[in-house]
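J.: Coordinates for the following, if possible.
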Amino acid sequence: MPRIRLKTKLVLAITAMVLALVVTLSWIYVSQLMRQRIQETYQSADFIAHQVLTGARQALEIDLESTRIDLTDPKQVRVAVAEIFQSDPGLNSLLQSVVGYSPTIYDVSIVDEDGHAMLHTDASLLDKQMPNRTELTSLRDGRFKTQIDAVYGDPKVYEVRLPIQRNGAPFGEIRVGVSTVFLKSELQPQLNRAMIFSGVSIFISLLLAAGLSNLVLRPLEAIGRRLDAMTTGADPAVEQEVPAGTDEYGAVNTKIDRLGRQIRDVKEVFSALKENLDQIMSTLQDGLILFTKDARIVLVSASAERFVGKQRGDMLGLTVEEVFNDSTKLGQIVLDAFALRQSVPQREIELDRGRRIELSVDFIAESGEQLGALLTMRDAESVRRIENEIELSRRLAAIGRLTSGVAHEVKNPINAIVVHLEVLREKLLQIDPETKRHMDVIGSEIHRLDRVVKTLVDFTRPVELKLVDIDLRQIVDDVVALAAPEAGRHTVNIEAQLDSDPLTVHVDADLIKQALLNVVLNGVQAMPEGGRLTVTAERAGQAARIQVEDSGQGIPPDVRDKIYNLYFTTKKSGSGIGLAMTYRVMQLHNGALDFESELGRGTTFRMLLPMNDSVRVEASPVSGTQQLPS
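T.: Predicted coordinates for the structure are as follows:
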């Protein structure tokens, strides 16, 4: 089957849209015309029914009272009313004139409750049972198909009914018959003209749509040729401004020229960006190598030369196998990653001569398709220096936050002192117990202020660490011995589990002992009903880890992010200084402190200290642990 051209599709689509529009408008016009005419017929029949009702009432008011009948007998009343209707000249004249002059009225009758005609435009039907015909409202409110069938289908008589009441009770009804024969004779000429007009409009619109769309879309071929020339690199016509009054094709043609100029400008910008990227890559400290999906190198930073040992220009265009070999640690990792097509998360490795670097391999994919890979190499020593600087900034920020907290605590005692001093001035001439109470308050507040300020000074004063090499197991033994009396008072059993190998750390022994003692005592006090506290000292990679696990009630989730804050405590007699001091001590030793807690089952604190060097050790991620405050 031959393929339909785009131009032909557009012509057919435009023609179909015009056809649909014209057909819709024609259908709306014909349906509204028919509905309006039927509505007018119904209103005319309803008006006639009301006229007959008015004439019937007037006849009954004049004649019924003059008859000598028993008005309580329905049969006598019915016979009398029928005689009045049939003998009333005005009412009969009205019925005859309606049928004679109305183009759509078939007949008019007045029937009693049983459907017998008391008055009818056809005298032969008097006193006979009248058939129930379909009401005209069903045609008026019906669908378009129902109305078309009524006009063009078999003849049928519809009627409009109006009930008659006497003394508030139903007596009969007025029926006005409307014949579709008469409705056809009036509607068909108009509908035929409308349909002919619609058919002609549809035909003309089809011709115009097909012709005009074909004419308008004819320049598509020329536009296609210009686009082909532009995509093949040919220089299109020089860009021109769109003159006033230019047709659409001219405007599109000019815009294509402008598009071609923009594409050339983009190429120039791309070239400039490429030069800038080369300059950036030459000054970048990290070693970056970008590979294509077939493992060829397309981008190399200048720093990569220091890690790989080859010049940038020599590596471009080569495959990963041609640049790296499995005789080195770096080459083994990179080649294995490309062989398995599996990314390598950032990890630290040691090169020749003890040099350590951090590297990662990331494979780039989109919609499941491999696009390439990126090798990143970084000097681990420089990373550590940056981390140390960041950690120093964090410590300074923490000290600033602590200072602001203490300032807030100092403000309240001062305010209390001022208030009570004012009261005291008024009572200095009187010696009574009330005066003594105010003086006691002043002494208490001044004492509390002195204690807060002293704590602030001790906490923010620079600490000179007395670093020594010591086995961490010895510190744990000393702390367990110190905490034993307090644990005995709380019926808590302390159990120490120590590593079999020495855990040598370079720390200030007194500060570490105090920090660990704070955590142990907190664990003991968290078990007022007694229990077991386990202190574990063990190796964790390049760090020594102390773990303090209690079986208390645990730390509520809503306060876990506050436990390291100065002066925050959940105990009535607590100072809120112990854990804050422990955290500061761990910072001073480049260590880490974290915890995990479960309500009803207890809390576990972990303290990590570097071994053999002063490299800061990061706490291993533990599910449910709380991050240290920054």
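
J.: Show me which positions of stretch 344-358 end up buried.
T.: 344, 349, 357-358 (16 or more other C-beta atoms under 10 Å). The C-beta positions use only the backbone N, C-alpha and C, and glycine is treated the same way.

J.: Same question for stretch 496-505.
T.: 498-499, 503, 505.

J.: what's the span of that stretch, first residue to last?
T.: 19 Å (C-alpha to C-alpha, to the nearest Å).

J.: Dihedrals phi and psi, Q165?
T.: The phi/psi pair for Q165 (degrees, to the nearest 10) reads phi -120, psi 150.

J.: Just give me the neighbour total for it.
T.: 12 (other C-beta atoms under 10 Å).

J.: any idea which helix or strand carries the nearest residue to it once chain neighbours are set aside?
T.: Here the nearest residue to Q165 in space, its sequence neighbours aside, is F171; by C-beta to C-beta, 6 or more residues apart in numbering that works out to 5.9 Å. Secondary-structure assignment from DSSP states H and E places F171 in strand 169-179.

J.: same for that strand, what does it pack against?
T.: When contacts are defined as 3 or more C-beta pairs under 8 Å, 6 or more residues apart in numbering; DSSP states H and E, strand 169-179 sits against helix 6-63, strand 105-112, strand 157-166.

J.: Let me have these in TSV, extended by distance to Y583 and mean pLDDT.
T.: Output for these, formatted as TSV (distance: least, C-beta to C-beta, whole Å; pLDDT from 0 to 100):
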stretch	distance to Y583	mean pLDDT
helix 6-63	72	77
strand 105-112	103	86
strand 157-166	95	85
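
J.: Now distance to L215 too, for these, in CSV please.
T.: Listed next are those as CSV, based on distance: least, C-beta to C-beta, whole Å:
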stretch, distance to L215
helix 6-63, 10
strand 105-112, 56
strand 157-166, 52
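
J.: picking up where we left off before, the residue nearest to Q165 is in contact with E113, isn't it?
T.: Yes - at 6.9 Å, F171 and E113 qualify as touching, with contact defined as C-beta atoms under 8 Å.

J.: which of the two has more neighbours?
T.: F171 (20 against 14).

J.: worst-scoring helix or strand of the protein, pLDDT-wise?
T.: Each helix and strand of the chain was given a mean pLDDT (mean pLDDT, DSSP states H and E); the minimum falls on helix 220-231 at a mean of 61.

J.: Tell me where the stretch 451-600 of the chain has helices.
T.: For the stretch 451-600 of the chain, applying DSSP state H, counting those that start in this stretch gives helices covering 472-489, 509-525, 578-588.

J.: Indicate which one of these is closest to Y152.
T.: helix 578-588 (95.4 Å; C-beta to C-beta).

J.: quick one, the closest one and helix 509-525 angle?
T.: Angle, helix 578-588 to helix 509-525, by axes from the mean of the first three to the mean of the last three C-alpha atoms, to 10 degrees: 150 degrees.

J.: in helix 578-588, what counts as buried?
T.: 578-588.

J.: Kindly report the same for stretch 53-60.
T.: So for stretch 53-60, counting by 16+ other C-beta under 10 Å, buried means 53, 55-56, 59-60.

J.: what does stretch 289-308 give?
T.: So stretch 289-308, judged by 16+ other C-beta under 10 Å, has buried residues 289-292, 295-297, 299-305, 307-308.

J.: what mean pLDDT does that stretch have?
T.: Stretch 289-308 shows a mean pLDDT of 84.

J.: Quick check: end-to-end length of that stretch?
T.: First residue to last in stretch 289-308 (C-alpha to C-alpha) measures 10 Å.

J.: which residues sit against that stretch?
T.: 277, 281-288, 311-312, 315-321, 323-324, 330, 338, 351, 357, 370-375, 377 (C-beta atoms under 8 Å, 6 or more residues apart in numbering).

J.: Of those, just the buried ones, ChimeraX syntax please.
T.: With 16+ other C-beta under 10 Å as the burial test, the buried ones among these are selected in ChimeraX as follows:
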select :281,287,288,312,315,320,323,324,330,338,357,372,373,375,377
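
J.: May I have the secondary structure class of R347?
T.: strand (DSSP: H, G, I helix; E, B strand; the rest coil).

J.: quick one: contacts for it?
T.: Contacts of R347 by C-beta under 8 Å, 6+ apart are 358-360.

J.: what does the model give V535 for pLDDT?
T.: The model's pLDDT for V535 equals 93.

J.: Tell me, how many residues neighbour it?
T.: 23.

J.: go on, L609?
T.: 22.

J.: Give me the local confidence score for the residue found closest to it once you drop the neighbours it is linked to in the chain.
T.: If the residues on either side of it in the chain are set aside, L609 comes closest to G591, at 4.5 Å by C-beta to C-beta, 6+ apart. On the pLDDT scale, G591 is placed at 86.

J.: G591 contacts P610, doesn't it?
T.: Yes - using C-beta under 8 Å, G591 is in contact with P610, at 7.0 Å.

J.: who's more crowded, these two?
T.: G591 (24 against 19).

J.: the helices in the stretch 301-450 of the chain, which residues?
T.: Under DSSP H, counting those that start in this stretch, the stretch 301-450 of the chain gives helices at 304-308, 312-315, 320-323, 329-340, 380-427, 433-460.

J.: Output the contacting helices and strands for the second one.
T.: With contacts taken as 3+ C-beta pairs under 8 Å, 6+ apart, helix 312-315 sits against strand 297-300, helix 304-308.

J.: Reformat the ones you listed as JSON lines; add distance to I204.
T.: Output for the helices and strands packed on helix 312-315, formatted as JSON lines (distance: least, C-beta to C-beta, whole Å):
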{"stretch": "strand 297-300", "distance to I204": "63"}
{"stretch": "helix 304-308", "distance to I204": "74"}
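
J.: and the strand holding F171, which strands flank it?
T.: strand 105-112 (antiparallel), strand 157-166 (antiparallel) (DSSP bridges).

J.: List just the one of the ones you listed that sits closest to L19.
T.: strand 157-166 (35.7 Å).

J.: Identify each buried residue in the strand holding F171, please.
T.: Going by 16+ other C-beta under 10 Å, strand 169-179 has these buried residues: 171-179.

J.: same deal with stretch 196-207?
T.: Neighbour-count burial for stretch 196-207 [16+ other C-beta under 10 Å]: 198, 202, 205.

J.: elements contacting the helix or strand containing the last one?
T.: Read that as S205. Taking DSSP H and E as the definition, S205 sits inside helix 180-216. Helices and strands touching helix 180-216, by 3+ C-beta pairs under 8 Å, 6+ apart, are helix 6-63, helix 144-152.

J.: continuing past the longest one, what's the next helix or strand?
T.: If I follow you right, that is helix 6-63. Next along from helix 6-63, by DSSP H and E: helix 74-87.

J.: Next, the buried residues of that following helix.
T.: Per 16+ other C-beta under 10 Å, helix 74-87 contains these buried residues: 77-78, 80-82, 84-86.
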